[in-house]
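S.K.: Okay, sequence plus prediction incoming.
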Amino acid sequence: MYLRCDQSPQWPELAAVLARRGRQFDLREAFAADARRFSHFSQQAPHVFADLSKNLWDRTTEALLLDMAQACGLAQHRDAMFSGQPINNTEGRAVLHTLLRRPSGLALPGDGPEVAGQLAQVHGTLDAMLAYADAVRADDAITDIVNIGIGGSDLGPHMAVLALEEFRAAGKRMHFVSNVDGHELHSVLQGLKPHGTLFLIASKTFTTAETMTNAASARAWFDAQGGTDVARHFAALTTNVDAARQMGIHTTFGFWDWVGGRYSLWSAIGLPLAISIGAARFREFLAGAHAMDEHFRTAPLAQNLPVRMGLLDVWYRNFHGFASRCIAPYHAALRRLPAYLQQLEMESNGKRVAQDGRMLPYATSPVLWGEPGTNGQHAFFQMLHQGTDVVPLEFIAVRQPTHPLPGHQGKLLANALAQAQALMVGKASDSDGHRHFPGNRPSTFLLLDALTPASLGAVIALQEHRVFVSGSLWGINSFDQWGVELGKVLAKDIEARLGTGDVAGLDASTAGLLGLIRSRG
Ligand code: F6P
C-alpha cells in the first residue's frame, strides 16, 4: 500500500539532480543566489524554531523530496499510526505513543474503534501515577529515588530528568542504574539508607536480564539493611504487572504493548521525571509533545518540520552517502540527549530489510553521536571542519539561560552560531593546506526560547516523528528491534559456560577468551 522511496518516480530524478550539480552544490552560492533562502528554509514549529537553510539542498531538491513523500504515502502511513492501526507488522502491534500525550477525551479523525477506550485507560493510569508522584514529592522521608531500567526504560527518563534539573524537587536525589555491571548499582547503594529510598523497577517486559539482576540485588540490599515495607519502597513500571507481583512488588503502574520501549517516556516509565518535576509540569511536558504531534499530523508536508527533517535525512543518507549525524546540544542539561537519540534513531531505523523481510538495496539509519557544545569543539570538531568525511551537524541551542552567571550565555550562543557559520563559510588558504577550511559543511540549527517541560516534550516528539518519516520512506518497520535478541540468548549460554568451563562448539576466539577469564578468576 505504501511505496518504498526507491520505487517512486522522484528517486531517479533526485539522483539526476545530484549527478548534475550534486557535489558542486555550494551553500555560499546558494545564499547569494536566493535572498529568501533563510526564510524559506526555516520555520517556527511548536516550541522549536528550526533553521534548515545551511543544508545541501535547494527549493528544487526539496520539492522533489516532498513529491517523493507524497508518492510514497507518507501522510497515509502517519495517519495509520495516529489512528491505531497495527503498523508494527512483525509484532502485530499498533504504535500509539502519541496517545500517551493526547488530551483526555480528544477524538481524532480516523481513530480506530479501540482508541477512545485506550485513551480513557491512559488517563486513568496517568492520573494515578501523577498523584503518586506528588505524594512521593511531599514525603520528606524519601530522599533518594533509584530508577532501575535499561534502554528505553532508562535513556528517556534519565535524559529528561537531567534536562529539567532546574525544576527538580528540592530534597530529592535522582539516581539511574542501568548496566548489569555491578559497579554501577554498588556505587549508588553506598550512599543510600533503605528507609529513605524508593526503587522504581522500570521494564516494559519485566524480563530484561540487566534490570531483573539489578532489581534482585537492590531488593537483597534492602532486606540486608533492615528495610521493611516493600510496598512503600519498591514500585514497578511495566506492561507485565503480573511478573512484578510475582517478584513481590505490589505497587505497580502499567502501560501497554503498543508503546515501544524507546517511546515509553510518556508512559509510567516517565515516573522518575514526574517525581522530579511534579504532576503539573509533567502535564506541560505531555502538552508540548502533543503540540508537536498536532503539527506533524496536520501541517502541510511542505511546512511540516518533522517531514522536512526526515526528508533531509533520506537525502543525506541515500544520495550524499553521509553515514553519520552529529548532535551538538548547546546546553549542559541536554548532555544525555545524544545517547537518547542514538536509541531512538538506531534501534528504530537500523534495519536492512523492508517490512516484508526482503533485503533493501540502500542504506538506512546513520550513526548518531555527539557531545554538548562547547566541549565537542575541543574534541572532535577538528574532524568536522577539516576531516575527509562530511558529517551533518545538528545544533540545539536555548536562548534563555536559567543560571544567573553573567557573561556565559552570550559566549555559549556565539560559539554555536560561529561553529555553524565556520562549517558553512570555511576559510580559504591557497598557501597552506593545514589552515584551509573547505566550508560548505551542512548543519541544522534548532533554537528553543527556554528549556522547559513543554519545549523538551516538543523537541523529543519532533525527533520521534522525523525518525518515523525516514523509516517510512525506507519502507522498514521502525518499531521492532529483533537485532538485539541474538546477543541476549548467547549471553545466557556463555554465562553458564563461564561457570562450567565448557567450550564445546564455541568458535576459537570466544573459547580462548572464556578460558582466559576463567583462568584469572
Ligand atoms: O534492547 C532492547 C530493548 O528491548 C529496548 O528496546 C528496550 O528499551 C530495552 O530493551 C529495555 O526493555 P524493557 O523495558 O522491557 O526492560
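M.R.: Ah, there it is.
S.K.: Any residues of the protein in contact with the ligand? List them.
M.R.: 150-153, 203-205, 208, 211, 261-262, 347, 481, 484 (Cβ under 6 Å from any ligand atom). Bear in mind the C-beta positions are built from the backbone N, C-alpha and C, glycine included.
S.K.: Ignoring the adjacent residues along the chain, who's closest to Leu456?
M.R.: Nearest in space to Leu456, with sequence neighbours left out and distances taken as Cβ to Cβ, 6 or more residues apart in numbering, is Ala163 at 5.3 Å.
S.K.: brain fart, Pro9
M.R.: With Cβ to Cβ, 6+ apart as the criterion, Pro9 has its nearest non-adjacent residue at 6.5 Å, and that residue is Ala71.
S.K.: so the one you found touches Gln10, yeah?
M.R.: Yes: Ala71 sits in contact with Gln10 when judged by Cβ atoms under 8 Å, with a separation of 6.3 Å.
S.K.: ok, the nearest residue to Leu305 once chain neighbours are set aside - how many residues close by?
M.R.: For Leu305, ignoring the flanking residues on the chain, the nearest one in space by Cβ to Cβ, 6+ apart is Ala45 at 4.1 Å. By other Cβ atoms under 10 Å, 23 other residues sit near Ala45.
S.K.: Mind checking which of the residues of the chain next to the ligand are buried?
M.R.: Under a neighbour-count criterion of 16 or more other Cβ atoms under 10 Å, the subset of those counted as buried comprises 150-153, 203-204, 208, 211, 261-262, 347, 481.
S.K.: for the residue nearest to Leu305, what are its contacts?
M.R.: Contacts for Ala45 were tallied using Cβ atoms under 8 Å, 6 or more residues apart in numbering; they are 292, 295, 299, 305, 458, 462.
S.K.: go again using 7 Å as the cut-off
M.R.: Contacts for Ala45 were tallied using Cβ atoms under 7 Å, 6 or more residues apart in numbering; they are 292, 295, 305, 462.
S.K.: Same check on Lys351?
M.R.: 364, 476.
S.K.: please begin residue numbering at 264 from this point
M.R.: Fine by me, first position is 264 from now on; the one you just mentioned is Lys614.
S.K.: For it, what are phi and psi?
M.R.: Per-residue torsions, Lys614: phi -130, psi 150 (degrees, to the nearest 10).
S.K.: Spell out the residue ranges of the strands in the chain.
M.R.: Remark: strands of the chain, listed N- to C-terminal, are 305-308, 311-314, 407-411, 436-440, 460-465, 497-501, 515-517, 587-593, 630-633, 656-661, 706-711; assignment by DSSP state E.
S.K.: What strands line up against the shortest one, and which way round?
M.R.: Spelled out, it's strand 515-517. Looking at strand 515-517 with DSSP bridges, its paired strands and their directions are strand 497-501 (parallel).
S.K.: again with the longest one
M.R.: Partner strands and pairing direction for strand 587-593 (DSSP bridges) are strand 630-633 (parallel), strand 656-661 (parallel).
S.K.: starting at the chain centroid, how far to the first one?
M.R.: The reference is to strand 630-633. 11 Å (Cα atoms, centre = their mean, to the nearest Å).
S.K.: what's the average pLDDT for that strand?
M.R.: If you average the pLDDT over strand 630-633, you get 98.
S.K.: And stretch 279-296, by the same measure?
M.R.: Summarised as a single mean, pLDDT over stretch 279-296 is 88.
S.K.: Would you indicate which residues of it are buried?
M.R.: Across stretch 279-296, burial judged by 16+ other Cβ under 10 Å covers 280-281, 288, 290, 293.
S.K.: for stretch 469-484, same thing?
M.R.: For stretch 469-484, the neighbour count (16+ other Cβ under 10 Å) marks 469, 471, 473-475, 477-478, 480-482, 484 as buried.
S.K.: Same question for stretch 756-773.
M.R.: 757, 760, 766, 769.
S.K.: Likewise for stretch 315-332?
M.R.: Neighbour-count burial for stretch 315-332, counted by 16+ other Cβ under 10 Å, picks out 315-321, 324-325, 327-332.
S.K.: cool, and stretch 674-692?
M.R.: Neighbour-count burial for stretch 674-692 [16+ other Cβ under 10 Å]: 675-676, 678-679, 682-683, 685-689.
S.K.: Now tabulate these in a markdown table and tack on pLDDT and distance to Ala642.
M.R.: Formatted as a markdown table, the buried residues of stretch 674-692 follow (pLDDT from 0 to 100; distance: Cβ to Cβ, whole Å):
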| residue | pLDDT | distance to Ala642 |
| --- | --- | --- |
| Leu675 | 98 | 16 |
| Leu676 | 98 | 20 |
| Asn678 | 98 | 14 |
| Ala679 | 98 | 16 |
| Gln682 | 98 | 13 |
| Ala683 | 98 | 17 |
| Ala685 | 98 | 16 |
| Leu686 | 98 | 16 |
| Met687 | 98 | 21 |
| Val688 | 97 | 22 |
| Gly689 | 96 | 21 |
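S.K.: Which of these fall within helices?
M.R.: Within the buried residues of stretch 674-692, membership in helices is found for 675-676, 678-679, 682-683, 685-688, as judged by DSSP state H.
S.K.: which residue packs closest to Met264, ignoring adjacent ones?
M.R.: What sits nearest to Met264 in space, not counting adjacent residues and going by Cβ to Cβ, 6+ apart, is Gly336, at 6.6 Å.
S.K.: how much space is there between Thr470 and Thr561?
M.R.: Using Cβ to Cβ, to the nearest Å, one obtains 38 Å as the distance from Thr470 to Thr561.
S.K.: Kindly state the domain boundaries assigned to the protein.
M.R.: 268-334+562-743, 360-544, 746-782 (automatic domain parsing).
S.K.: Quick one: closest of those to Pro349.
M.R.: Distances from Pro349 to each of the domains of the chain were compared using Cβ to Cβ; the shortest belongs to domain 360-544, at 8.5 Å.
S.K.: first to last residue in the closest one, what's the distance?
M.R.: As for domain 360-544, its first-to-last residue distance stands at 19 Å under the measure Cα to Cα, to the nearest Å.
S.K.: mind checking how far Ile405 is from the ligand?
M.R.: From Ile405 across to the ligand, the span is 24 Å (Cβ to the nearest ligand atom, to the nearest Å).
S.K.: residue contacts, the residue nearest to that residue when sequence neighbours are not counted?
M.R.: Take Ile405 and drop its neighbours on the chain: the residue closest to it by Cβ to Cβ, 6+ apart is Leu461, 5.1 Å away. Leu461 sits next to 399, 405, 408, 496, 498 when contact means Cβ under 7 Å, 6+ apart.
S.K.: do that again at 8 Å, thanks
M.R.: Residues in contact with Leu461 (Cβ under 8 Å, 6+ apart) are 399, 405, 407-409, 495-498.
S.K.: How about Val399?
M.R.: Contact analysis of Val399 by Cβ under 8 Å, 6+ apart lists 405, 408, 435, 461, 538.
S.K.: Count the residues that sit near Val654.
M.R.: 22.
S.K.: So it sits against Ile590, correct?
M.R.: No: in terms of Cβ under 8 Å, Val654 does not count as a neighbour of Ile590; the distance is 10.7 Å.
S.K.: Quick check: beta-bridge partners of the residue nearest to Ile405?
M.R.: Here Leu461 sits in beta bridges with Ile408, as judged by DSSP bridges.
S.K.: how close does it sit to the ligand?
M.R.: In this view, Leu461 and the ligand are 19 Å apart by Cβ to the nearest ligand atom.
S.K.: do Asn352 as well
M.R.: 17 Å.
S.K.: what pLDDT does that residue get?
M.R.: On the pLDDT scale, Asn352 is placed at 97.
S.K.: In this structure it contacts Ser741, no?
M.R.: No: taking contact to mean Cβ under 8 Å, the distance of 10.9 Å between Asn352 and Ser741 leaves them out of contact.
S.K.: So between these two, which is more surrounded?
M.R.: Using other Cβ under 10 Å, the more surrounded residue of Asn352 and Ser741 is Ser741, with 29 against 13.
S.K.: Helices of the stretch 564-713 of the chain, residue ranges please.
M.R.: Using DSSP state H, counting those that start in this stretch, the helices of the stretch 564-713 of the chain run over 568-577, 600-605, 611-612, 644-649, 671-688.
S.K.: What helices and strands are in contact with the fourth one?
M.R.: Contacts defined by 3 or more Cβ pairs under 8 Å, 6 or more residues apart in numbering; DSSP states H and E place helix 644-649 against helix 671-688.
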